[in-house]
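Peer 1: What would the 3D arrangement of this be:
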Amino acid sequence: MIYQSMQGISIASAVAVILLIWLGTLRNPFKAAYLFIKELLTSRKFLLLFFIMVGILLLNKYELQIEENMNYHKDFTPWVFGLEGHFVQHFQGFFHSPYLTPVLVFFYVVVFQSLLVASLGVYVSDQNKVFVLATCFAIIINYTVAIPFYLFFPVNEVWSYPPSGASFLMLEVFPNFEQEYRPLSGINNCFPSLHTSISVTMMVLGLRSGNRRFGIMTTVSAIIVIFSIFYLGIHWLTDMIAGTILGLIASNAGILFAKLSLRSQNESLLHRQRKMFGGL
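Peer 2: Just a heads-up that it's a prediction; the model follows:
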């Protein structure tokens with residue numbers, strides 16, 4: 001039922017977000033939503049950063065339309081295949097199981113995006129302002145770096161390149177994937193793997209946030225999602241390596257920018273207070 005339409009996936013994702021916030025905080029997940037809205041309304045810096053993040057996500061959504069209007073027809077898939085050969089085909093052949101496929105599809109399609117949203121809820125609930133901002137900064141960095149590669153360094157998904165010998169196992173569970181989900185994910189938007197980079201980003205932030213439970217959750221999710229990109233026949237090993245590097249850079253840069261942003265905000269507040277009390 002989940003994979004009959006995007007509506008089913010959206011409902012499953014909403015439920016997953018609620019469960020992930022609850023598991024990550026052991027608090028009322030709906031209170032996290034209240035605190036999130038409150039933070040948006042009371043912090044202009046967070047509001048601006050949040051809308052920039054939403055804007056870059058929308059740009060990624062419309063990247064396929066931009067690509068269609070470009071007179072650019074390069075294909076770097078043969079070059080990537082020349083580097084790694086039949087790695088994905090052998091990976092699939094070794095691990096393929098009808099019991100494993102539904103679990104990996106669920107993590108790839110539902111948990112991946114749900115964890116991104118839940119991260120903001122967890123950090124807001126923990127009143128961890130550094131990691132609320134760090135998440136926004138890191139997502140912006142991930143997509144800002146990835147989109148130009150999708151436009152100018154197109155690499156097709158492994159299964160769609162016949163010499164690879166890989167199969168698209170997604171269809172065993174989600175037969176309408178091409179009709180329902182494909183408009184959100186271009187078939188040549190492989191390098192770097194955003195499923196890898198975002199998962200690694202969430203893992204690093206989770207581990208460094210001080211929330212041990214959530215750090216374990218993000219680590220388990222990252223391992224399963226990265227496993228799934230090969231198992232389902234979607235990404236090349238090269239995509240994963242590039243995505244891992246991007247995720248490590250984006251997460252650590254996000255934390256750095258968040259700390260600098262809050263330090264600047266605190267210094268500005270302190271300066272205003274000194275001026276106010278100095279004038280009394």
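Peer 1: burial measure for residue 58, as a count.
Peer 2: Neighbour count for residue 58, taken as other CB atoms under 10 Å: 10. Yep, even glycine has a C-beta here, placed from its N, CA and C like the rest.
Peer 1: give me the element it is part of.
Peer 2: Assigned by DSSP states H and E, residue 58 belongs to helix 44-68.
Peer 1: in that helix, what's buried?
Peer 2: By neighbour count on 16 or more other CB atoms under 10 Å, the buried set for helix 44-68 is 46, 49-50, 53, 56, 60, 63-64, 67.
Peer 1: Quick check: which helices or strands does that helix pack against?
Peer 2: helix 29-42, helix 129-152 (3 or more CB pairs under 8 Å, 6 or more residues apart in numbering; DSSP states H and E).
Peer 1: Now do residue 60 against residue 124, distance only.
Peer 2: Here the criterion is CB to CB, to the nearest Å. By it, residue 60 lies 24 Å from residue 124.
Peer 1: Next: residue 149.
Peer 2: 31 Å.
Peer 1: Same drill for these two, tell me which one is more crowded.
Peer 2: Using other CB under 10 Å as the criterion, residue 149 and residue 124 rank with residue 124 on top: 26 against 19.
Peer 1: Quick check: that one touching residue 32?
Peer 2: Yes: using CB atoms under 8 Å, residue 124 is in contact with residue 32, at 5.6 Å.
Peer 1: give me phi/psi at residue 189?
Peer 2: phi -100, psi 60 (degrees, to the nearest 10).
Peer 1: Please list all residues in contact with it.
Peer 2: Residue 189 makes contact with 63-64, 150, 154 under the criterion CB atoms under 8 Å, 6 or more residues apart in numbering.
Peer 1: Distance to residue 108 and pLDDT added to the residues you listed, as a markdown table?
Peer 2: Formatted as a markdown table, the contacts of residue 189 follow (distance: CB to CB, whole Å; pLDDT from 0 to 100):
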| residue | distance to residue 108 | pLDDT |
| --- | --- | --- |
| 63 | 20 | 83 |
| 64 | 19 | 80 |
| 150 | 18 | 94 |
| 154 | 21 | 95 |
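Peer 1: If we only consider those residues, which is nearest to residue 192?
Peer 2: residue 150 (9.2 Å; CB to CB).
Peer 1: right, and the closest one touches residue 186 too?
Peer 2: Yes: between residue 150 and residue 186 there is a contact under CB under 8 Å: 6.7 Å.
Peer 1: More neighbours: those two, which one.
Peer 2: residue 150 (22 against 18).
Peer 1: which non-adjacent residue is nearest the more buried one?
Peer 2: residue 189 (4.4 Å; CB to CB, 6 or more residues apart in numbering).
Peer 1: That neighbour bridge partners, please.
Peer 2: residue 155 (DSSP bridges).
Peer 1: Please work out how many residues are found near the closest residue in space to residue 125 that isn't next to it in sequence.
Peer 2: Excluding its sequence neighbours, the residue lying closest to residue 125 (CB to CB, 6+ apart) is residue 32, at 4.1 Å. Other residues lying near residue 32 total 24 when counted by other CB under 10 Å.
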